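# Structure for the following, please:
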Amino acid sequence: MSSPSVVWPSLDAYQNAVLHPKRNLKDARLHSMQVELRAYGVSKLPFGRSGNFGSVYKFSNQHQAYALKVFLSAEADRELRYRLIDQHLESRPASTNLVSFGYEDQGIMVQGRWYPSLTMDWVAGHPLDRYLSETLKRHGQVDNRQLCQAWVELVLSLMHRSVAHGDLQHGNILVLPNESLKLVDYDGMFVPAMRRSGLAAAEMGRAAYQHPKRNARYFDERLDHFSALLILLCLASITRERWKRFHTDDNCLIVRESDLIRPDQSALFAELLRSPEAPLKKLALLLKSAAGGSLDAIPVFDRVVADGTIRQLLAHRPIPPPDKTIQTIPRSDHTINPPEPPHDSKVIQPVNVQPQVAASKKGALGIVGIILTAILVAVYNSNQCGSGVLPRNDQPRETPVESTPTPEPTAQPTSQPTVTETPPAIQGTYIQNVWLDNVVSNGTNYLVVHCSFQVAQSDSNQVWVLAFFWLSDNSPMRAQMSGYSTTQGQASVWTCGGPAACLLDVQYAPATRWTDLPLHIPYAALSSGSGHFATIEIRDTATGRILATARTQSF
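Numbering: from 1, shown residues only. Reported below is the predicted structural model:
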């Protein structure tokens, strides 16, 4: 292992080492590849793309390409950080917005000594600033809605995985040939296990994208909210004319560091606040207010994009297929938290989504359906509609974009909340099937609730899938672990399946299906005993409206 006290290689020394991959690189995949060369005068030398912490080289053959990152200085916690990132990402569904990587503490030999390296898949794309510049030059405009949609999907994907990139800026955002987005450079990334390890931020990010008051101790799940908002504003408002006037150097897109330090004197903010386009005006107001306020006042990004005015920025297009779910069970340090409904949403009574039945059974089952639906409404209102569900106990509460207080629930459920649904005879919104599974990972037993469902209509085109656990006498099961608890203490687990899975554009996809969405909860989070069961809800994220319900078998 390299020590911070060891003299670190120069770039020239790295240049010589990468010319001989079989001799100097530990990753065997690179041994049969050649490093990319560029002409420098009469010579050709390895082409390194340098950043703040390292230099990246492209290795390729006829079939594959990889990126090798070498580091320009020592960092005592580097190995720990990348190990925690790797473990966290392995426990989540794969993301099309992140690059797979492998960290080696002894990855490259330079002048007889081993140093760390990082091998990543090579991404064929352009940095965001270059993409915007070239597109504006060729076409005179960019597809603002498409870019905003892709950006929102990327950021929500990170949030659903409890990941913060830490250095969201144009150089770390690649636009692929299909115009999807991918993030690179994970040196500043945050995952929850870093909190338990006492780690602070390894870098502060590029100044034109960060809150003026950001410091090394501001290092948690909130890390990307400010820069994500800033980039959304840029993507929404960029025109060729604004690009010419405000893209003054390579440190920013159109929002400059001076705009953030002195927002009241910003010409860009002043211009956008006069805009006749309501979404631009609202985003500019949010960013200006956030830049001049405290770190705790930064608006939460998913609540920003749930706002009806800002949603006008998003593209009305079919959502791509969901990220492929890796069937990897969460590690023992994994905590899934129930969602906190947006504070500015109003709860709407659930629609009747009970399946149609044959005429001979319609009378009796119709009465049962009405009773059960009424009970479900009471359960939902008593347990969820009041103050929602708990955020992480170790996270500060965020200031919402808008806040509407809701009353505290007063009643507890007294009877069975729902029954298993089957598909209706006509196309609609329903849960097709639920089933249970048991897995063991790192010595921890997990109950896995599987759910297949179809959504035909949703108020916000975004749904949560939630499981609430009950005792055999139909009373709420008390959670044994706070990370799996509602505000009433009931055991619960949720997922959105990633934005590609839960953003449902019903305009283009009248019925969007999900064939298997697994929700994991440790048995240790559940009360002991037998005969327990769970209820499943498909719920609209913006309004809280229940779109479909089902019940599991006892376990």
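# what about the residue lying closest to residue 235 once chain neighbours are set aside, which helix or strand?
Among residues not flanking residue 235 along the chain, residue 147 sits closest, at 4.3 Å (Cβ to Cβ, 6 or more residues apart in numbering). From N, CA and C alone the C-beta is placed, and that goes for glycine too. Assigned by DSSP states H and E, residue 147 belongs to helix 144-160.
# Alpha carbons of that helix, as CSV, please.
Taking C-alpha atoms only, helix 144-160 is exported to CSV below (Å, rounded to 0.1, in the frame of the first residue of the first chain):
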residue,chain,number,x,y,z
ASN,A,144,-33.8,22.1,-23.8
ARG,A,145,-36.7,19.8,-22.8
GLN,A,146,-34.8,16.7,-23.8
LEU,A,147,-31.7,17.8,-21.8
CYS,A,148,-33.7,18.7,-18.8
GLN,A,149,-35.5,15.4,-18.9
ALA,A,150,-32.3,13.4,-19.1
TRP,A,151,-30.8,15.5,-16.3
VAL,A,152,-33.7,15.0,-14.0
GLU,A,153,-33.7,11.2,-14.6
LEU,A,154,-30.0,11.1,-13.8
VAL,A,155,-30.2,13.0,-10.6
LEU,A,156,-33.2,11.1,-9.3
SER,A,157,-31.4,7.9,-10.2
LEU,A,158,-28.6,8.9,-7.9
MET,A,159,-31.0,9.9,-5.1
HIS,A,160,-32.9,6.6,-5.3
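# for it, the distance to its chain's centre please.
9 Å (Cα atoms, centre = their mean, to the nearest Å).
# Tell me the buried residues in it?
Neighbour-count burial for helix 144-160 flags 144-145, 147-160 (criterion: 16 or more other Cβ atoms under 10 Å).
# And it, what does it pack against?
With contacts defined as 3 or more Cβ pairs under 8 Å, 6 or more residues apart in numbering; DSSP states H and E, helix 144-160 has these neighbours: strand 181-183, helix 225-237, helix 301-306, helix 499-502.
# by how many degrees do the longest one and helix 144-160 diverge?
Direction vectors for helix 225-237 and helix 144-160, defined by axes from the mean of the first three to the mean of the last three Cα atoms, to 10 degrees, enclose an angle of 160 degrees.
# Show residues contacting stretch 224-236.
144, 147-148, 151-152, 155, 158-159, 164-166, 168-169, 173, 205, 209-211, 214, 253-255, 272, 279-280, 283-284, 286-287, 290, 298-301, 304-305, 313, 398 (Cβ atoms under 8 Å, 6 or more residues apart in numbering).
# switch to 7 Å and redo it
Residues outside stretch 224-236 that contact it (Cβ atoms under 7 Å, 6 or more residues apart in numbering) are 144, 147-148, 151, 155, 158, 164-165, 168, 205, 209-211, 253-255, 279-280, 283-284, 286-287, 290, 298-301, 304, 313.
# Now list the buried members of those residues.
144, 147-148, 151, 155, 158, 164-165, 168, 205, 209-211, 253-255, 279-280, 283-284, 286-287, 290, 298-301, 304, 313.
# Contacts only, for residue 524.
Listed by Cβ under 7 Å, 6+ apart, the contact set of residue 524 reads 480-481.
# Show the pLDDT at it.
With respect to pLDDT, residue 524 scores 86.
# swap in the one 5 residues further on?
For residue 529, the model assigns a pLDDT of 69.
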